[in-house]
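Visitor: 3D, please:
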Amino acid sequence: MMNLFSIFDPMSSTLNFSINWMSTMLGFLFLPHIYWLVLPRINILMSYILNLIHQELKILLGKNNGSTMIFISLFLMIFFNNFLGLFPYIFTSTSHLTLTLTLALPLWMSFMIYGWINNTNHMFAHLVPQNTPPLLMPFMVMIETISNLIRTITLSVRLTANMIAGHLLMTLLSNTGTSMSFYMIFFLILIQFLLLTLESAVSIIQSYVFMILSTLYFSEVN
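Guide: Numbering: from 1, shown residues only. Sure, this is the predicted structure:
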């Protein structure tokens, strides 16, 4: 069981140095360059994706649409780390609460501080949904307060759990390959290929979910 979780150990590297965290910065190598005379196709594709995300976030943020670059940068960082973690011998840093909490906690804290200082009445009103019976108002305040407090945990744990689950499943199936017959190995390779395709989609979806939820939390405090 310990060998199974060793792929998520930051210290399982050469000479016991925690250089696995360096994979977090590998995504910057794939960012498009801005000094091309004629834009290559990767720049055109990246510009199209960023503009598409920007237009979608403008609907959620309204007058604060200038904040979209913060959430787009968050999306790119999480996406590159999720996707690069699918390659062999590259550490998946988003499978650790150390990184996901580092991303979620400062965002949530800044939203709460900004909301309670600048929009205090709105934050109090948000604790009680519309058309709530007076008898249920104290319970709704408690429920809304708890839901606000656990948003950091839900954001970070959701991303971490989804990254760990897929990698563990692929590792479990690959460990059974040594005891399989020659013909069953082809079936195992097909399953692993399908799981890898699924994990590629999960890496995009989870980064998108993290970005959208962070954007929704920010839009609530305005």
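Visitor: next helix or strand past the helix or strand bottoming out on mean pLDDT in the chain?
Guide: Across the helices and strands of the chain, the lowest-confidence element by mean pLDDT, DSSP states H and E is helix 120-126, at a mean of 81. Using DSSP states H and E, the next helix or strand after helix 120-126 towards the C-terminus is helix 137-149.
Visitor: and that next one, what's buried?
Guide: By 16 or more other CB atoms under 10 Å, the buried positions in helix 137-149 come out as N148. Any C-beta I mention is one placed from the backbone N, CA and C, and that applies to glycine too.
Visitor: residues making contact with that helix?
Guide: Contacts to helix 137-149, defined as CB atoms under 8 Å, 6 or more residues apart in numbering, come from residues 112, 126-129, 132.
Visitor: and the next element down the chain from that helix?
Guide: Taking DSSP H and E, what comes next after helix 137-149 is helix 151-175.
Visitor: centroid residue for the protein?
Guide: Closest to where the C-alpha atoms of the chain average out (CA atoms, centre = their mean) is S207, at 3.7 Å.
Visitor: relative to V141, how far out is it?
Guide: According to CB to CB, to the nearest Å, S207 and V141 sit 33 Å apart.
Visitor: check F111 too.
Guide: 19 Å.
Visitor: for the residue nearest to the centre of the chain, grab phi and psi.
Guide: Note on S207: backbone dihedrals following degrees, to the nearest 10 are phi -70, psi -40.
Visitor: pretty sure it contacts F79?
Guide: Yes. If you go by CB atoms under 8 Å, S207 and F79 touch, sitting 4.0 Å apart.
Visitor: what pLDDT is listed against the residue nearest to the centre of the chain?
Guide: Looking at S207, its pLDDT is 92.
Visitor: for F79, same thing?
Guide: Looking at F79, its pLDDT reads 90.
Visitor: low-confidence stretches in the protein?
Guide: For the chain, residues meeting the criterion pLDDT under 70 lie at 1-4, 6-7, 9-19, 31-39, 64-65.
Visitor: repeat that with 80
Guide: Within the chain, the stretches with pLDDT under 80 are 1-43, 62-66, 89, 126, 129-132, 177-183, 222.
Visitor: what ranges does it have for its helices?
Guide: Applying DSSP state H to the chain gives helices spanning 41-61, 68-84, 97-118, 120-126, 137-149, 151-175, 182-220.
Visitor: what's the burial count for the residue nearest to Y114 when sequence neighbours are not counted?
Guide: Nearest residue to Y114, sequence neighbours excluded (CB to CB, 6 or more residues apart in numbering): V221, at 5.9 Å. Applying other CB atoms under 10 Å, we find 18 residues neighbouring V221.
Visitor: next: I189.
Guide: I189: 13 neighbours (other CB under 10 Å).
Visitor: again, but for L105
Guide: 15.
Visitor: tell me the contacts of it?
Guide: Neighbour list for L105: 152, 156 [criterion: CB under 8 Å, 6+ apart].
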